[in-house]
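Enquirer: following is a predicted model, sequence given first.
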Amino acid sequence: MNLLVLGGTGFLGPAIVEDAARRGWKVTLFNRGKTNPGRFKDLEQIHGDRDPAKAPGLEPLQQAVAAGRTWDAVIDTSAYVPRIARASAELLKPAVRQYVLVTTVNVYAEPLPRHADESAPLAESPPAQEEKLSNENYGPLKAACERAVAAVYGDRATMLRPALIVGPGDPTDRFSYWPVRMRRGGRVLVPSSVQPWKCETSFIDVRDLGTFACTCVEKGHGGAFNCAGPAGALTMDGLVWGCRGAFGDQVELVPVDEAWLLQQGVQPWMGLPLWIPSSLADEATMGAIGRDRALQSGLTLRPLAETARDTAAWFLKERPDFDFGSKPGAPGLSRAREAELLKTWSERPTP
């Protein structure tokens, strides 16, 4: 198999490249040569820019196509703007058999029913001139990228819609907060809900997503796939207990009422990463996305404990003294803030 990867040296790209290498495939990367430039020196890399408006743009890739280069498939890991996605899709149409586009579960229109599958309506595309990413337009822009690629490739297009991508190498510090905090041990503040069943969350290990992307190429799978784990429902309680279970008895979980946490100014999703209070769960259903089609088509999911252990080992090797939440807007609770909250919680007046 001859594979082209747009990107390839960031977070998801290496997982795809490494799985392709295990399958014995030939891999070519197209990227700017700026992110981890020393990675994969043994692979062919064509350097340019996804954006045709930024020199040298797609010209180096265009030259390769004009010279007769072809690939069995391209996996696009870095499309955020439909204009840019369309440019690479149109350029590569005569040179690749299958276009695999990685987007997000956020492509769906809201409100999204719980456990919705890939047939759910997509978000409306934003105005063509709107290209600056924000929390509000991230999903609609990704949906517009899907439409742009589908218009060029039809049933030769594959859309991978992952939940939060996690694991070793994750640059966001969101999921990583929990396994690292458990690995450090001691008393750990965790949210407690009176309706824990409503607080579903989902994510996918970057290595599992990379493997499934290559499986879709190998099997010729077309269409859309929600890529999320685990196979069943995972509540916030299941997440924190699963991460705790990866590190034995060195952790004491301290459940703290979620309404009280909100009163103390702890922010959902980022203040305590991946936490959606039950009061907001009916509006935040991306964590309860249906994933049966991907599982039936070859998506495999490693145990949460394995992802937690590997993420903590990688993180603590790279940043052993890092303090989560120590800067405004950063994910997680800092050591001082967690200790303050635990003290205030333990000293609160009780009925």
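Expert: Looks like it came in fine. Numbers count the residues shown, from 1 in each chain.
Enquirer: hey, where'd the strands end up in the stretch 201-350 of the chain?
Expert: Shown for the stretch 201-350 of the chain, the strands assigned by DSSP state E, counting those that start in this stretch span residues 203-205, 223-227, 251-257, 268-269, 272-273.
Enquirer: any regions of the chain where pLDDT drops low?
Expert: In the predicted model, the chain carries pLDDT under 70 at residues 194, 197, 283-284.
Enquirer: got the domain boundaries for it?
Expert: When the chain is parsed into structural domains using automatic domain parsing, the resulting residue ranges are 2-162, 177-201+232-285+303-347.
Enquirer: just to revisit the earlier point, quick one: closest of the strands of the stretch 201-350 of the chain to Arg183.
Expert: Distances from Arg183 to each of these were compared using CB to CB; the minimum, 8.7 Å, belongs to strand 251-257. For glycine as for every other residue, the C-beta is placed from the backbone atoms N, C-alpha and C.
Enquirer: what lines up beside the closest one in the sheet?
Expert: For strand 251-257, the paired strands and their directions (DSSP bridges) read strand 186-192 (parallel).
Enquirer: contacts for the partner strand?
Expert: Strand 186-192 is contacted from outside by 181-182, 236-237, 240, 244, 250-258, 261, 272, 275, 277, 333, 338, 341-342, 345, using CB atoms under 8 Å, 6 or more residues apart in numbering.
Enquirer: tell me how far His47 lies from Pro111.
Expert: Using CB to CB, to the nearest Å, one gets 43 Å for the distance from His47 to Pro111.
Enquirer: go on, Gln63?
Expert: For Gln63, the distance to Pro111 equals 47 Å [CB to CB].
Enquirer: higher neighbour count, those two?
Expert: Comparing Gln63 with Pro111 by other CB atoms under 10 Å, the one with more neighbours is Gln63, at 13 against 10.
Enquirer: quick check, the more buried one in a helix?
Expert: Yes - Gln63: assigned to a helix according to DSSP: H, G, I helix; E, B strand; the rest coil.
Enquirer: tell me who's in contact with it.
Expert: Applying CB under 8 Å, 6+ apart, we find Gln63 in contact with no residue.
Enquirer: rerun that using 10 Å as the cut-off
Expert: Contacts here follow CB atoms under 10 Å, 6 or more residues apart in numbering; on that basis Gln63 touches Ile46, Gly48, Pro56, Arg69.
Enquirer: what does Ile16 give?
Expert: For Ile16, the contacting residues are 3, 5, 7-8, 27, 29, 75, 77, 100, 102, 206-207, 209-214, 217, taking CB under 10 Å, 6+ apart as the criterion.
Enquirer: center of the chain - which residue?
Expert: Taking CA atoms, centre = their mean as the criterion, Ile165 is the residue nearest the geometric centre of the chain, at 2.5 Å.
Enquirer: settle this for me: that one is touching Thr172, isn't it.
Expert: Yes - applying CB atoms under 10 Å as the test, Ile165 and Thr172 come out as touching, 8.6 Å apart.
Enquirer: from Phe324, how far out is the residue nearest to Phe322 when sequence neighbours are not counted?
Expert: Closest residue to Phe322 apart from its sequence neighbours, by CB to CB, 6 or more residues apart in numbering: Phe315 at 7.5 Å. Separation of Phe315 from Phe324 (CB to CB): 10 Å.
Enquirer: could you do Leu189 as well?
Expert: For Leu189, the distance to Phe324 - CB to CB - is 12 Å.
Enquirer: just Gly245 next, same as before
Expert: Summarising the geometry, the distance separating Gly245 from Phe324, computed by CB to CB, is 21 Å.
Enquirer: of those two, who's got more company?
Expert: Phe324 (21 against 15).
Enquirer: sweet, I'm off.
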